[in-house]
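S.K.: Need a 3D model of the following:
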Amino acid sequence: MTALSQPAARATELPRSAGSPFRLGLLLTALASLGAFALEGFEVLTHPLSGLDVGIERAVQGAYWGPLVAAFGAVDFLEGLKQVALAAIGLVVVFLLHRRGFLLMAWGALSGGAYTLLQMFIHRPRPSANLVHVLRHTNGYSFPSGHAVFFVWFLSYLILILGRRYLSRPLYIAAWVLMAVVVAIVCIGRLYIAEHWPSDVLAGLLLGAGWSFLGLSVSRLSDPVLHA
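M.R.: This next block holds a predicted model:
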């Protein structure tokens, strides 16, 4: 680890009990996030269409977003196999630059399979053109938002695995701020284009965060990164 990156590394030390295979705080956070996701999934299964979803989506579509509309389209482009390719590139980069963090990054990539299975199980239809303005019709199901899941785990793990190793503390903090901005653009864009309902996006955030925290809670996966 370079001297430049040491402040960032110390800022993200997450202790665990001696001899424990888990970081209890992160494990409880993961279970809380995944539990909230499960509750929302149950609500969607029992009430597939929500008036609150429709109202929020119409409000987002009715707002003026200016140049962010182009960003919404760019994010929308990164779907399906393109996300798979980007995840593969991330895995290769981590393998080359911080090989001990590869298992944690691989755990993050497995969220794609979990997301796909959950979409097939819940099979919620995407927003309908008779309720909101659909800018692009897409096949598949709506719950949860795969974009939200992907960008949460992908960016957070890249920052933790590579950022805390190679960035100074100011740049490391800036990376987290930039991630928050990107994730916000992703979430708003999914509603603006009408690929998802707001509850789909919230569920994607919960699943992505829960999956990420769960990986970090496993000491065998996170110790090579957090104690590098």
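
S.K.: From now on I want contacts and neighbour counts done on CA atoms only, so please keep to that.
M.R.: Will do.

S.K.: just for this structure, where's the confidence low?
M.R.: Scanning the chain for pLDDT under 70 picks out 1-19, 228.

S.K.: That one: helices as residue ranges?
M.R.: Applying DSSP state H to the chain gives helices spanning 6-11, 24-46, 51-62, 68-77, 81-97, 102-109, 111-122, 146-158, 164-166, 169-192, 198-217, 219-226.

S.K.: between those, which one is nearest to residue 129?
M.R.: For the helices of the chain, proximity to residue 129 was assessed by CA to CA; helix 51-62 is nearest, at 11.4 Å.

S.K.: For the residue most central in space within the chain, list the residues it contacts.
M.R.: Closest to where the C-alpha atoms of the chain average out (CA atoms, centre = their mean) is residue 152, at 2.0 Å. Applying CA atoms under 8 Å, 6 or more residues apart in numbering to residue 152 gives the contacts 183, 205, 208, 209, 212.

S.K.: Including neighbour count, could those go into TSV?
M.R.: Converted to TSV, those look like this (neighbours: other CA atoms under 10 Å):
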residue	neighbour count
183	21
205	26
208	32
209	23
212	24
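
S.K.: Among those residues, which one lies nearest to residue 27?
M.R.: So of the contacts of residue 152, ranked by how close each gets to residue 27 (CA to CA), first place is residue 212, at 10.2 Å.

S.K.: Report the contact partners of the closest one.
M.R.: Counting by CA under 8 Å, 6+ apart, residue 212 has contacts 30, 108, 152, 153, 156, 157.

S.K.: now, among these, which is nearest to residue 51?
M.R.: Closest to residue 51, out of all of the contacts of residue 212 and judged by CA to CA, is residue 152, at 26.9 Å.

S.K.: Without its sequence neighbours, what residue ends up closest to residue 175?
M.R.: residue 159 (6.9 Å; CA to CA, 6 or more residues apart in numbering).

S.K.: Ok, residue 143 next?
M.R.: residue 200 (4.8 Å).

S.K.: what residues are up against the one you found?
M.R.: Contacts of residue 200 (CA under 8 Å, 6+ apart): 142, 143, 144, 145.

S.K.: okay, the contacts of residue 152 in TSV with distance to residue 175 next?
M.R.: Listed next are the contacts of residue 152 as TSV, based on distance: CA to CA, whole Å:
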residue	distance to residue 175
183	12
205	18
208	18
209	17
212	17
